[in-house]
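Engineer: sequence unavailable; structure follows:
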């Protein structure tokens, strides 16, 4: 099964940070339709309350409309749709860089899809965000980026190798940012989560 890309309406300065494969399933969430041309893709579904843009007429795909008075964000609606269609890898674009409350909501939506059995990532031109539960995972080094690990649980126990600052069965807590701004030392970093859940973030070095 191909991957699903959900495009939100947050500001995007440069569309070159990702290439969406042509066989991907694309959902435009509300004003995310304004970014379709920048990514050079056509949507499979457009959905949202359309409070920040007009309902598009130039696409022939399915369009799902919702009332603005709802519990789910447009990004969450799109995520639930992707999960219902069976997608196990879901990427969010246009989900950060605008309103801070929307960014926090995007992080929570990423955690939601993780809890419902899918892998996901939030991608923008300066950052990549992932969630990892119990088990081992490798992350490809990008020397342009800092590599940060934060606890999403009250307490998490992790072992991290392939980085400048290595730890073995280290306890990290949600209320203290011990894992910020690590650096890659090897071709891959490996993280083993022994207990709990973590947020993993690549952030380019040349941004504040």
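Structural biologist: Alright, I've got the coordinates. Note that the structure is predicted; figures quoted are calculated from it, not measured.
Engineer: every contact and neighbour count from this point should use C-alpha atoms.
Structural biologist: OK.
Engineer: who touches the residue most central in space within the chain in this structure?
Structural biologist: Centrality entry for the chain: nearest residue to the mean C-alpha point is residue 122, 1.8 Å, by CA atoms, centre = their mean. Residue 122 sits next to 91-93, 95, 106-107, 110, 128-130 when contact means CA atoms under 8 Å, 6 or more residues apart in numbering.
Engineer: which residues in the protein form strands?
Structural biologist: For the chain, the strands defined by DSSP state E cover 4-7, 25-29, 45-48, 62-65, 89-93, 119-123, 127-132, 135-140, 145-151, 155-161, 167-173, 188-195, 198-204.
Engineer: between those, which gets the lowest average pLDDT?
Structural biologist: For those, the weakest mean pLDDT is recorded on strand 62-65, namely a mean of 84.
Engineer: need the residues that contact that strand.
Structural biologist: Under the contact criterion CA under 8 Å, 6+ apart, strand 62-65 has outside partners 44-50.
Engineer: go again using 6 Å as the cut-off
Structural biologist: By CA atoms under 6 Å, 6 or more residues apart in numbering, the residues outside strand 62-65 that reach it are 45-49.
Engineer: got the buried residues for that strand?
Structural biologist: Taking 16 or more other CA atoms under 10 Å as the neighbour-count basis, strand 62-65 is seen to contain the buried residues 63-64.
Engineer: many thanks, I have nothing further to ask.
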